[in-house]
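**Student:** got a sequence here, can you model it:
(4 chains)
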There are 2 protein chains.
Amino acid sequence: MTRRATAQDVADLAGVSRSAVSLVLNGRAAGNISRVKQEAVRDAARQLRYTPNAVALSLRSKRTATLGVLTWPDRRQMPLALLGAVYSEASSAGYLLMMVDVLERPGQVDALLDRRVDGFLVVAPELTEFVLPEPLTGVPAVLVNCFDPHLGASSLVPDEVAAGTSAAERLLESGHRSLGVLAGREGLASERRLQGVRRVAAAAGLPEPVVVRTGHTIEDGYAGARELLEAELAPSGLVCTHERLTLGALLAAHDLGLAVPEDVSLVSLDDGEQLAAPLVPPVDLVVRPDGLIAAHALDLLVEQLELDLVASPRQLSFACPLKPGGSVAAPRQQALGRQVGQVGQA
Amino acid sequence: MTRRATAQDVADLAGVSRSAVSLVLNGRAAGNISRVKQEAVRDAARQLRYTPNAVALSLRSKRTATLGVLTWPDRRQMPLALLGAVYSEASSAGYLLMMVDVLERPGQVDALLDRRVDGFLVVAPELTEFVLPEPLTGVPAVLVNCFDPHLGASSLVPDEVAAGTSAAERLLESGHRSLGVLAGREGLASERRLQGVRRVAAAAGLPEPVVVRTGHTIEDGYAGARELLEAELAPSGLVCTHERLTLGALLAAHDLGLAVPEDVSLVSLDDGEQLAAPLVPPVDLVVRPDGLIAAHALDLLVEQLELDLVASPRQLSFACPLKPGGSVAAPRQQALGRQVGQVGQA
DNA sequence: CTGAAAGCGCTTACAG
DNA sequence: CTGAAAGCGCTTACAG
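**Tutor:** Numbers count the residues shown, from 1 in each chain, chains lettered A, B, ... in the order given. So this is what the prediction gives:
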């Protein structure tokens, strides 16, 4: 890297002092520096392509305009959609991000602290508890898609129970009376989404939904859906708590010769992978509002940074709207019963 | 953030000078500082949890131990696998990363330069040309999954032609003689992968593969595969140039009542989404060696940084190994012909 | 063996 | 209207 120009270089070229350069370039020249010299400074700066060294600036101002992001993958998957939204909001607010895998490399939290990032964002791949690490106490931080049980920082989370509720209601509204749920075995998100479905069924006086608890892979979804759909009294509508499960369920339905939505209806919850919505048919999706969550997260954090006060932690919850697709239809006449076709690899 | 201890604080507590603190903590105390004072310094540092301010360090050393990463999404998808591998290697080498969406926010390249990152990594979501931006000339930089036609920097790319070749050979070895290709409409990767397939077919004296050029979504794969599989002389083996196309193809096969691999064999190229391999059945995959590429990229860059010389640009190409799945089998007897079932939604 | 000084590149009071 | 000085927090020659 050829050495970059400093304020001194500009001053020399313009024939003024270093402080004059600073004044002019920061718009504080009014009534301090003569018009002629102002122009000289601007010219010199342009000519040398001068831009202040942000490191020096940071040392002086004690601000880096940089945020630390603590995240981690869940089943090899980073919370990409959420991170993207966070990045976008941070950029707009003038911050750059340093991301760290806090599970794999917890020590890097200290590296971030040493570098004097202005604040922290914790972005979880799945709703979970997250106890703020000890070195972060007193440091501005906001939790996204996770929350601190000890209330060490503000948090923003999707309302997963309501999301499950919406999914189930979508099926009810189309006339389904027997619901099945393909639910992840782990994690708060699975738990709450499932809870939402159950709540709706109970409130509507429906029989208990049939639930299969399973892993979170496509294969798991496939196997779980077969179990559900091959049962004696197979449900007519399925809620899948995770996108990859939905994908597996669709494959399973096909293997069983069941058409979606004619033979079985599907509603999926969103994990930000953009996997369920662009399926064939596009699956009805309860969407996590990543953009909204990220925008509020940055508002909250930036406010703390600019006012230089650590606000008392708040917990914000976000509704998840339903994005209609083509995977829900009225159930076939219940009375007629239904035969599971024996097509494809049985 | 409660004010963090400085070297001065440690010196005061230990009753020595600031320079003594620096010497001791940097292991240069030997024969300079008395044993007693050394201990005093260490104690004080521990007690105050002193850790040097990396910003001040950077101002002095002109190194930030930070790398700028230029990347961008392709069809809303970031090159996650590659970025993850790059992150992991960078961490191991002691570097933190600042990532920037260079398409959406090209101005942030300057922000990175102002912050004096030590070097740059450009990580492309799909093989492509990438002309190094003007402000980066002379700055240590390495291109990953892309290359500069003007040779402005070293680059590391997967051998996409050979990847296509491997995919096709996989089918040939199982006895397939009629190949179909579902190929993305855009991008060098599609082009080269397709070229690899064609080359194999030609070399083996097979008929020209039937090619459908299409978009890159799951729906595109679905539609394209139907076109291919419903044709008069449908191919017995399919190569899909992208994971999402593969997914669509599998759905299409199912809708047509074709079992994989009994009725049609499938091989996919890898885009790092981990979508094709965990399918049901797991699809045979030609894998991009992200870990290897990332490791070499960092070696190349770190070498430049530590030797402080900008090496003359090199172009490295990486072979993509085949990861066998369960989606390839010998074709049905050609002579018998085959009927496309009319199951599912036609 | 130890402390005072210089300097990395900035900006902001503070004299003149 | 302008320049010299201090200070952000470090480390490394350099005197004593």
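
**Student:** A:Ser236 and A:Leu307, how far apart?
**Tutor:** Distance from A:Ser236 to A:Leu307, counting by C-beta to C-beta, to the nearest Å: 54 Å. All C-beta spots, glycine's among them, are computed from the backbone N, C-alpha and C.

**Student:** give me the more crowded residue out of these two.
**Tutor:** The neighbour count for A:Ser236 versus A:Leu307, taken as other C-beta atoms under 10 Å in any protein chain shown, is higher for A:Ser236 (23 against 9).

**Student:** tell me the contacts of the more buried one?
**Tutor:** A:176-178, A:264-265, A:331-332, A:334 (C-beta atoms under 8 Å, 6 or more residues apart in numbering or on different chains).

**Student:** where do the strands of chain A begin and end?
**Tutor:** Ranges of strands in chain A, per DSSP state E, are A:66-71, A:96-101, A:119-129, A:141-147, A:154-158, A:179-184, A:210-214, A:237-240, A:265-269, A:284-286, A:315-318, A:322-323.

**Student:** for those strands, give me JSON lines that also has mean neighbour count and distance to B:Glu191.
**Tutor:** Shown next, in JSON lines, are the strands of chain A (neighbours: other C-beta atoms under 10 Å in any protein chain shown; distance: least, C-beta to C-beta, whole Å):
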{"stretch": "strand A:66-71", "mean neighbour count": "25", "distance to B:Glu191": "35"}
{"stretch": "strand A:96-101", "mean neighbour count": "22", "distance to B:Glu191": "33"}
{"stretch": "strand A:119-129", "mean neighbour count": "22", "distance to B:Glu191": "34"}
{"stretch": "strand A:141-147", "mean neighbour count": "27", "distance to B:Glu191": "39"}
{"stretch": "strand A:154-158", "mean neighbour count": "24", "distance to B:Glu191": "41"}
{"stretch": "strand A:179-184", "mean neighbour count": "28", "distance to B:Glu191": "39"}
{"stretch": "strand A:210-214", "mean neighbour count": "19", "distance to B:Glu191": "40"}
{"stretch": "strand A:237-240", "mean neighbour count": "31", "distance to B:Glu191": "36"}
{"stretch": "strand A:265-269", "mean neighbour count": "30", "distance to B:Glu191": "34"}
{"stretch": "strand A:284-286", "mean neighbour count": "27", "distance to B:Glu191": "33"}
{"stretch": "strand A:315-318", "mean neighbour count": "15", "distance to B:Glu191": "43"}
{"stretch": "strand A:322-323", "mean neighbour count": "15", "distance to B:Glu191": "34"}
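
**Student:** out of those strands, which comes closest to chain B?
**Tutor:** strand A:96-101 (5.3 Å; C-beta to the nearest C-beta).

**Student:** CA atoms only: put the closest one into CSV for me.
**Tutor:** The C-alpha coordinates for strand A:96-101 follow below in CSV (Å, rounded to 0.1, in the frame of the first residue of the first chain):
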residue,chain,number,x,y,z
LEU,A,96,-19.2,-1.3,10.0
LEU,A,97,-19.5,-4.7,11.5
MET,A,98,-17.0,-7.2,12.9
MET,A,99,-18.7,-10.6,13.1
VAL,A,100,-17.5,-13.4,15.4
ASP,A,101,-18.6,-17.0,15.9
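
**Student:** elements contacting it?
**Tutor:** strand A:66-71, helix A:80-92, helix A:108-114, helix B:80-92, strand B:96-101, helix B:108-114 (3 or more C-beta pairs under 8 Å, 6 or more residues apart in numbering or on different chains; DSSP states H and E).

**Student:** follow-up on the earlier one: which of the contacts of A:Ser236 has the largest number of neighbours?
**Tutor:** Most crowded among the contacts of A:Ser236, counting by other C-beta under 10 Å, is A:Val264 at 29 neighbours.

**Student:** nearest residue to that one in space, please, no chain neighbours.
**Tutor:** A:Leu258 (5.1 Å; C-beta to C-beta, 6 or more residues apart in numbering or on different chains).

**Student:** what is the burial count for the one you found?
**Tutor:** Neighbour number of A:Leu258 under other C-beta under 10 Å is 21.

**Student:** against A:Tyr95, how distant is it?
**Tutor:** A:Leu258 is 49 Å from A:Tyr95, by C-beta to C-beta.

**Student:** what of A:Ser190?
**Tutor:** Counting by C-beta to C-beta, the separation of A:Ser190 from A:Tyr95 is 33 Å.

**Student:** between the two, who's got more neighbours?
**Tutor:** A:Ser190 (25 against 22).

**Student:** and that one, what pLDDT?
**Tutor:** On pLDDT, A:Ser190 comes in at 97.

**Student:** do you know how far the closest residue to it other than its chain neighbours is from B:Pro261?
**Tutor:** Leaving out its chain neighbours, the residue that sits closest to A:Ser190 by C-beta to C-beta, 6+ apart is A:Gly184, at 3.6 Å. Relative to B:Pro261, A:Gly184 is positioned 29 Å away (C-beta to C-beta).

**Student:** quick one: which of the strands of chain A is nearest B:Ala277?
**Tutor:** With C-beta to C-beta as the criterion, B:Ala277 lies closest to strand A:210-214 of the strands of chain A, at 18.7 Å.

**Student:** taking chain A, what residue is nearest to chain B?
**Tutor:** For chain A, C-beta to the nearest C-beta, closest residue to chain B: A:His254, 3.4 Å.

**Student:** pLDDT score assigned to that residue?
**Tutor:** Confidence score, pLDDT, at A:His254: 89.

**Student:** same deal with A:Ala29?
**Tutor:** pLDDT, read off for A:Ala29, is 73.

**Student:** residues contacting stretch A:127-143, please?
**Tutor:** With C-beta under 8 Å, 6+ apart as the criterion, stretch A:127-143 contacts A:102, A:106, A:109-110, A:113, A:118-122, A:124, A:145-150, A:152-158, A:160, A:187-189, A:192, A:297, A:300-301, A:304-305, A:310, B:1-2.

**Student:** do that again at 7 Å, thanks
**Tutor:** Identification of contacts with stretch A:127-143 by C-beta atoms under 7 Å, 6 or more residues apart in numbering or on different chains yields A:109-110, A:113, A:119-122, A:124, A:145-150, A:152-155, A:157, A:160, A:187-189, A:297, A:300-301, A:304-305, A:310, B:1-2.
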